[in-house]
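>>> From the sequence below, what's the structure:
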Amino acid sequence: MKIFITLSIICSSLFLIGCNSKKTTIKISGSTTVLPVISKAAEAYRILNPDVHILINSGGSGVGFSQFSKGIVDIGMMSRDISDHEKTSNKGINYEINTIGRDAVAVALSSEIFDSGVTTLNLKQIRKIYMGEIKNWKILGGPDRKIFVIDKEKSRGTRHVFMKNVFGNEHQNTPGTSLVTGSNNEELSALTQSNAAIGMISHSWLNNEVKGANLNIKGKIIEPTLKTILSDNYPLSRNLNLISKKSAKPEVKKFLDFILSAQGQKFVTKSGYVSNI
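Below is the predicted model of the structure:
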């Protein structure tokens, strides 16, 4: 009888301990540029904090801010600054911007075009390509080949930064467009599969098959490198941001602190971006 009572007490105690163990869920969505950093950081954070469950979805910077403002997620990932429209339409939300690093939007070219000699473009030439006024690479010193123009969905932070710096209007329509993509993966795939493409993509996604054009800004040639991003000389540089409420629950604040810490900033560097440290 004694053994039975003792075991019953132990089992009851374990049950109560299990009931008191609460798991916290942090919901995050937004930029596919910021996504690699947060995915890596979340994996490390979960090992240190097994009672925290982190759900991450992409969709683009616009989606991230929209879902954050509606209370669908705790953190919105953005590869651009908050627009004036977003500020105006969300005045009632007491949010804060956590800048976790720096990146740049590269004017991406198919390797065949870059290797043929089209290594540098100015903003006027890029505008004409996207407006459909320059349609063949031959005009720019490349092969006699029709330009395959890749744009991105309007909710994407990469597009926002590109259009604002190239056209002066983040909502610019581009009648010369051949294809519209969503995520960086889609953009990279489209650029890789073409031998005549131009597009826009995060600097960290460039590779041997997709190369970043140098920019000719008033006669000065600027390469899309970590050095020019850090010095802010590359005109399409941008902040990588996490948007959260100032009154966010403690676990959300702890996760943000982790990303901004020296340990968390390592994931910014590992993802190919410029860290805050």
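>>> C-terminal to the longest strand along the chain, which secondary structure element comes first?
In the chain, taking DSSP state E as the definition, the longest strand is strand 95-110. Once strand 95-110 ends, the next helix or strand along the chain (criterion: DSSP states H and E) is helix 111-115.
>>> Let me know the average pLDDT across that following helix.
Mean pLDDT, helix 111-115: 98.
>>> the domain parsing of the protein - what is it?
Structural domains assigned to the chain are 23-102+239-275, 104-230, following automatic domain parsing.
>>> hey, where'd the helices end up in the chain?
Ranges of helices in the chain, per DSSP state H, are 2-20, 35-48, 61-69, 84-89, 111-115, 123-130, 157-166, 184-193, 226-230, 250-260, 262-270.
>>> Counting by contacts, list what the fourth one packs against.
The criterion is 3 or more CB pairs under 8 Å, 6 or more residues apart in numbering; DSSP states H and E, and the helices and strands that helix 84-89 contacts are helix 61-69. To be clear about C-beta, it is placed using only N, CA and C from the backbone, and glycine gets the same treatment.
>>> by how many degrees do the helix it packs on and strand 95-110 diverge?
On the basis of axes from the mean of the first three to the mean of the last three CA atoms, to 10 degrees, helix 61-69 is oriented at 160 degrees to strand 95-110.
>>> May I see the buried residues of helix 61-69?
Neighbour-count burial for helix 61-69 flags 61, 62, 63, 64, 65, 66, 67, 68, 69 (criterion: 16 or more other CB atoms under 10 Å).
>>> Columns distance to residue 150 on top of the helices of the chain, output as a markdown table?
Converted to a markdown table, the helices of the chain look like this (distance: least, CB to CB, whole Å):
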| stretch | distance to residue 150 |
| --- | --- |
| helix 2-20 | 52 |
| helix 35-48 | 20 |
| helix 61-69 | 18 |
| helix 84-89 | 25 |
| helix 111-115 | 12 |
| helix 123-130 | 10 |
| helix 157-166 | 11 |
| helix 184-193 | 5 |
| helix 226-230 | 22 |
| helix 250-260 | 31 |
| helix 262-270 | 27 |
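>>> closest one to residue 76 among those helices?
When those are compared by CB to CB, helix 61-69 sits nearest residue 76, at 3.4 Å.
>>> how far is the closest one from where the chain is centred?
13 Å (CA atoms, centre = their mean, to the nearest Å).
>>> Output it as CSV, nothing but the C-alphas.
Output in CSV follows, covering the C-alpha atoms of helix 61-69 (Å, rounded to 0.1, in the frame of the first residue of the first chain):
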residue,chain,number,x,y,z
SER,A,61,8.5,43.3,-46.5
GLY,A,62,5.1,44.6,-47.3
VAL,A,63,3.4,41.4,-46.1
GLY,A,64,5.6,41.5,-43.0
PHE,A,65,4.6,45.0,-42.0
SER,A,66,0.9,44.4,-42.9
GLN,A,67,0.7,41.2,-40.8
PHE,A,68,2.5,42.9,-37.9
SER,A,69,0.2,45.9,-38.0
